[in-house]
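# got a structure for you, letters missing:
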């Protein structure tokens, strides 16, 4: 199995779950037992990979992931510390 496509699938699943947490109304469009297939129109090789690995024992819903926003840090106000031992407890 292609490790690049497996990593991409995991990243898209993580982002899709985050999207559903922020947009619960979108989740209502998905059948409870449906297999969600995330597609990327800019990457036909990835699409072939996920379509070739379909499990056909559930209803299937296809989602075009659109595009990903640039990755950014969620850290707020990091600081340099002079004594890391104070954090060791």
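Arrived safely, thanks for sending. Since the structure is predicted, the reported quantities are computational estimates derived from the model, not experimental observations.

# show me where pLDDT drops low in the chain?
1, 89 (pLDDT under 70).

# Which residues does the longest helix seen in the chain contact?
Longest helix of the chain, by residue count under DSSP state H: helix 3-22. Helix 3-22 has contacts (CB atoms under 8 Å, 6 or more residues apart in numbering) with 26-27, 36, 38, 40, 43, 45-46, 49-50, 63, 65, 68. For every residue, glycine as well, the C-beta is placed using N, CA and C.

# Could you tell me which of those count as buried?
Neighbour counting over the contacts of helix 3-22 (16 or more other CB atoms under 10 Å) leaves 38, 40, 46, 49-50, 65 as the buried ones.

# can you list these in TSV and add secondary structure?
Conversion of those to TSV gives the following (DSSP: H, G, I helix; E, B strand; the rest coil):
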residue	secondary structure
38	strand
40	coil
46	helix
49	helix
50	helix
65	coil
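
# can you put the residues you listed in CSV and add distance to residue 7?
What follows is the buried ones among the contacts of helix 3-22, written out as CSV (distance: CB to CB, whole Å):
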residue, distance to residue 7
38, 13
40, 13
46, 10
49, 11
50, 13
65, 15
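
# how about those residues, which pair is most distant?
Spatial extent of those (CB to CB) is set by the pair 49 and 65 at 14.0 Å.

# Residue 2 versus the closest residue to residue 43 other than its chain neighbours, what's the distance?
Excluding the flanking residues, the one nearest residue 43 by CB to CB, 6 or more residues apart in numbering is residue 8, at 7.5 Å. Noted for residue 8: a distance of 9 Å to residue 2, by CB to CB, to the nearest Å.

# do residue 73 as well
29 Å.

# And residue 69, by the same measure?
25 Å.

# Residue 65 now?
18 Å.

# same check, this time on residue 35
For residue 35 relative to residue 2 (CB to CB), the value is 20 Å.

# Neighbour count for the two, which is higher?
residue 35 (15 against 12; other CB atoms under 10 Å).

# For that one, which residues are in contact?
Residue 35 makes contacts with 54-55, 58-61, as judged by CB under 8 Å, 6+ apart.
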